[in-house]
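> Need a 3D model of the sequence below.
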Amino acid sequence: MRKFTSLAARGAVITLLAGTALAATGTANAQPASLGANIATTAKGQIGAGPCGLNNKGSYWGRGTAQTGSCGPDHTEAHPWCADFVGWVWWKNNVGGRMSRLGDLASSFTGYGPMHSTPKVGDAILYNQHTSDVGDDHVAIVVAISGSRITVVGGNQGRPGSVSSHTWTSYKVGTRVNDTQWISGYVTPVAG
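Got it, this is the predicted structure:
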């Protein structure tokens, strides 16, 4: 075997060996990316549903959470259910971490994990009205990012409240997305 004498050659060999080890063990960043993609697929598959799910066959809420469910008597809305929808989608994709801290309010997602300003597919996106008496009052799921544009799917959006998709021209925190709400940040789920 030829002896490597330059630092550059040694570095290249180390990089090659490290990359081979990651590929062999499967410990590269594939898990978070696949988790996010799976979350996005689940969320998009519910577009058009109301508070009782597709074809009125269920209620949105994350098992293992403090959420009470979106479907009320006679297939009506039990309460504002955006947080229930995101909790349900995360639960369906085996999200772990602090799921027990999620409740019926969008603001409960700030108890799950730290908020940050750079979204990833599968993240919860939080909105608020930037008023002193209202915290984060809506949550949805990031399903696509293209440049600065972001597409989200959320429950209890639009009129009447249903699972729907919206694309915003900017994902930056502080961006106004409608007449009353601004993006306040993102929370990333962790694999269970």
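
> Report the buried residues of stretch 46-54.
Q46, A49, G50, P51, C52, G53 (16 or more other C-beta atoms under 10 Å). Using the backbone N, CA and C atoms, a C-beta is placed for each residue, glycine as well.

> neighbouring contacts of it?
The list of residues contacting stretch 46-54 from outside it, by C-beta atoms under 8 Å, 6 or more residues apart in numbering, reads 56, 58-60, 70-72, 75-78, 81, 85, 89, 153, 155-156, 160-165.

> buried residues in whichever strand in the chain runs longest?
For the chain, the strand with the greatest residue count under DSSP state E is strand 134-146. For strand 134-146, the neighbour count (16+ other C-beta under 10 Å) marks D136, D137, H138, V139, A140, I141, V142, V143 as buried.

> and that strand, what does it pack onto?
When contacts are defined as 3 or more C-beta pairs under 8 Å, 6 or more residues apart in numbering; DSSP states H and E, strand 134-146 packs onto helix 30-44, helix 82-92, strand 124-131, strand 149-157, strand 162-168.

> Tell me what angle it forms with strand 149-157.
Computed by axes from the mean of the first three to the mean of the last three C-alpha atoms, to 10 degrees, the angle separating strand 134-146 from strand 149-157 equals 130 degrees.

> Span of stretch 54-67 from start to end?
End-to-end distance of stretch 54-67 (C-alpha to C-alpha, to the nearest Å): 19 Å.

> What is the neighbour count of T167?
By other C-beta atoms under 10 Å, the residues close to T167 number 11.
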